[in-house]
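K.L.:
Predicted model and sequence follow; I will ask about them next.
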Amino acid sequence: MFGPKASISGVGYTPLTRASGKTPLQLAVEASRAAAEDAGIELASIDGVVIYGLHDSTTAAAIATELRLLNPRWTVDLVGGGHAACAVIGHAAAAVTTGLASSVLVVRAANGRSGRRLGGVGEEVRAGGSSQYLANVGLLTYPQQMAMWARRYIEQFNPAPEAYANIAVKSRANAIKNPRAIMRTPMTMDDYFASPMVADPFRLFDICPESDGALALLVTGGDRAADLRHVPVLIEYVEHGGLSRPGADLEDFLGLEDLSRNFAGPVARQMYDRSGLSINDFDLLEIYDCFTHTVLLTLEGIGVAPLGQAAEWVCEPDTMTLGGSMPVNTHGGLLSEGYLMGLSHVAEAVLQLRGQCGERQVPNAQRALVTAGAMMQGSLAALVKG
């Protein structure tokens with residue numbers, strides 16, 4: 001879709017914490033400065049900002065103002081959750097390839113633990129919408145809602161409980177080698193099964209931890225990327241879409257006939273058909289994993305395993321692991337690194353393709369597939385080493 005025309009040239013993190021003590025704007029500015037420094041580019045030459053969130057963050061204009069950008073030609077505030085983590089990269093790539101901007105910061109910043117927590121329903125219920133009906137039947141949080149999808153899948157395919165355990169344990173093993181990760185204590189299968197049940201079938205370690213922090217990526221035109229500090233990572237392809245009624249939470253349960261699938265199947269088919277790529281072209285996968293069950297649905301959708309068989313795949317000894325046949329979530333994923341609504345999966349893919357991941361580096365990584373989203377709507381990105 002974009003080929004050599006758009007690259008991710010800078011990556012900037014703040015620490016991931018339980019209580020940042022900073023505003024989302026302060027976090028966003030800190031991460032943006034770090035991304036510019038990482039790329040070796042002057043802040044004054046950046047002319048675009050894209051940020052996304054669910055009314056829990058700051059604005060693109062505020063970031064541009066605080067950074068004192070001289071000519072912010074492209075500022076976008078996208079209302080969206082984890083499904084947007086790859087789509088926002090596409091927004092920035094479209095801007096630099098069409099000349100609407102030359103370099104664009106893509107930002108996710110929030111106090112997801114100490115501030116407005118995702119899935120809190122008080123405001124939504126008072127405002128109306130589907131949450132008022134979900135709350136009345138006890139579906140107050142995302143773990144409870146996603147548990148319905150998982151229960152349907154379990155009734156249909158009867159996966160071994162060890163499948164969810166393998167996803168959590170293998171993700172934690174990867175996170176141990178990631179100094180940014182919040183959850184770095186080694187986890188065994190016994191530890192997983194000893195953790196409390198939160199929303200059947202989800203135990204504590206099936207659910208990603210909430211966190212405060214920010215991440216910024218700098219997207220530049222391909223010609224400009226060649227003059228910057230690192231080997232460019234090209235945004236080869238981005239696809240966004242999903243199943244019908246992508247924004248109707250209630251209809252996710254009452255109107256969708258098959259809860260054994262999510263967005264990944266139709267979106268992956270679109271990407272493969274239009275790009276000529278297949279799952280065999282990727283050296284590593286960064287799979288959106290707000291819950292362990294999401295990994296199963298997405299692996300099947302993108303073609304790693306047939307429908308109903310991802311549970312067997314994740315239980316194989318050399319899958320998902322660093323040095324294995326197909327590394328997955330090399331940073332520990334949302335399950336162990338922390339929750340920045342999926343943008344950290346894109347950042348990890350960039351760092352892997354640069355060869356900058358130290359102990360967790362995938363040897364000779366050339367192309368990575370990143371997924372974003374859990375339910376009806378999502379996005380995918382194919383990134384390739386320049």
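P.N.:
That came through, no problem.

K.L.:
make it CA atoms for all contacts and neighbour counts henceforth
P.N.:
Will do.

K.L.:
Would you state the helices of the stretch 51-200 of the chain in chain order?
P.N.:
Applying DSSP state H, counting those that start in this stretch to the stretch 51-200 of the chain gives helices spanning 60-67, 87-98, 122-127, 131-136, 142-157, 162-175, 189-194.

K.L.:
The stretch 251-386 of the chain too?
P.N.:
Using DSSP H, counting those that start in this stretch, helices in the stretch 251-386 of the chain cover 264-275, 292-302, 310-315, 333-336, 343-354.

K.L.:
Who are the packing partners of the third one?
P.N.:
Applying 3 or more C-alpha pairs under 8 Å, 6 or more residues apart in numbering; DSSP states H and E, one finds that helix 310-315 contacts helix 162-175, helix 292-302.

K.L.:
could I get these as TSV with mean neighbour count, distance to Glu42 and mean pLDDT?
P.N.:
Output for the helices and strands packed on helix 310-315, formatted as TSV (neighbours: other C-alpha atoms under 10 Å; distance: least, C-alpha to C-alpha, whole Å; pLDDT from 0 to 100):
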stretch	mean neighbour count	distance to Glu42	mean pLDDT
helix 162-175	25	32	98
helix 292-302	25	38	96
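
K.L.:
is it possible to export these to CSV including distance to Gly333?
P.N.:
Below are these laid out as CSV (distance: least, C-alpha to C-alpha, whole Å):
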stretch, distance to Gly333
helix 162-175, 6
helix 292-302, 10
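
K.L.:
And those: which comes nearest Arg152?
P.N.:
Evaluated over these, closeness to Arg152 peaks at helix 292-302, with 11.2 Å, by C-alpha to C-alpha.

K.L.:
Just the CA coordinates for that closest one, please, in PDB.
P.N.:
Below are the C-alpha coordinates for helix 292-302, written out as PDB (Å, rounded to 0.1, in the frame of the first residue of the first chain):
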ATOM      1  CA  THR A 292      -5.400 -14.500  26.100                       C
ATOM      2  CA  HIS A 293      -8.500 -15.600  24.100                       C
ATOM      3  CA  THR A 294      -8.000 -12.700  21.700                       C
ATOM      4  CA  VAL A 295      -4.700 -14.400  20.600                       C
ATOM      5  CA  LEU A 296      -6.500 -17.600  19.600                       C
ATOM      6  CA  LEU A 297      -9.100 -15.700  17.500                       C
ATOM      7  CA  THR A 298      -6.500 -13.600  15.800                       C
ATOM      8  CA  LEU A 299      -4.100 -16.500  15.100                       C
ATOM      9  CA  GLU A 300      -6.900 -18.300  13.300                       C
ATOM     10  CA  GLY A 301      -8.000 -15.200  11.500                       C
ATOM     11  CA  ILE A 302      -4.600 -14.400  10.000                       C
END
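
K.L.:
Give me the residues contacting that helix.
P.N.:
For helix 292-302, contacts defined as C-alpha atoms under 8 Å, 6 or more residues apart in numbering pick out 150, 164, 167-168, 206-207, 260-266, 268-269, 279, 287-289, 305-311, 335, 371, 374.

K.L.:
now with 7 Å?
P.N.:
Here helix 292-302 makes contact (C-alpha atoms under 7 Å, 6 or more residues apart in numbering) with 150, 164, 167-168, 206-207, 261-262, 264-265, 268, 279, 287-289, 305-307, 310-311, 374.

K.L.:
Stretch 92-101 now?
P.N.:
Applying C-alpha under 7 Å, 6+ apart, the set of residues contacting stretch 92-101 from outside is Lys5, Ala6, Asp47, Gly48, Arg73, Trp74, Ser102, Ser103, Val104, Val219, Thr220, Gly221.

K.L.:
and what of stretch 279-286?
P.N.:
Contact partners of stretch 279-286, identified using C-alpha under 7 Å, 6+ apart, comprise 302-304, 326-329, 345, 349, 365-371.

K.L.:
Report the separation between Ala168 and Leu353.
P.N.:
From Ala168 across to Leu353, the span is 24 Å (C-alpha to C-alpha, to the nearest Å).
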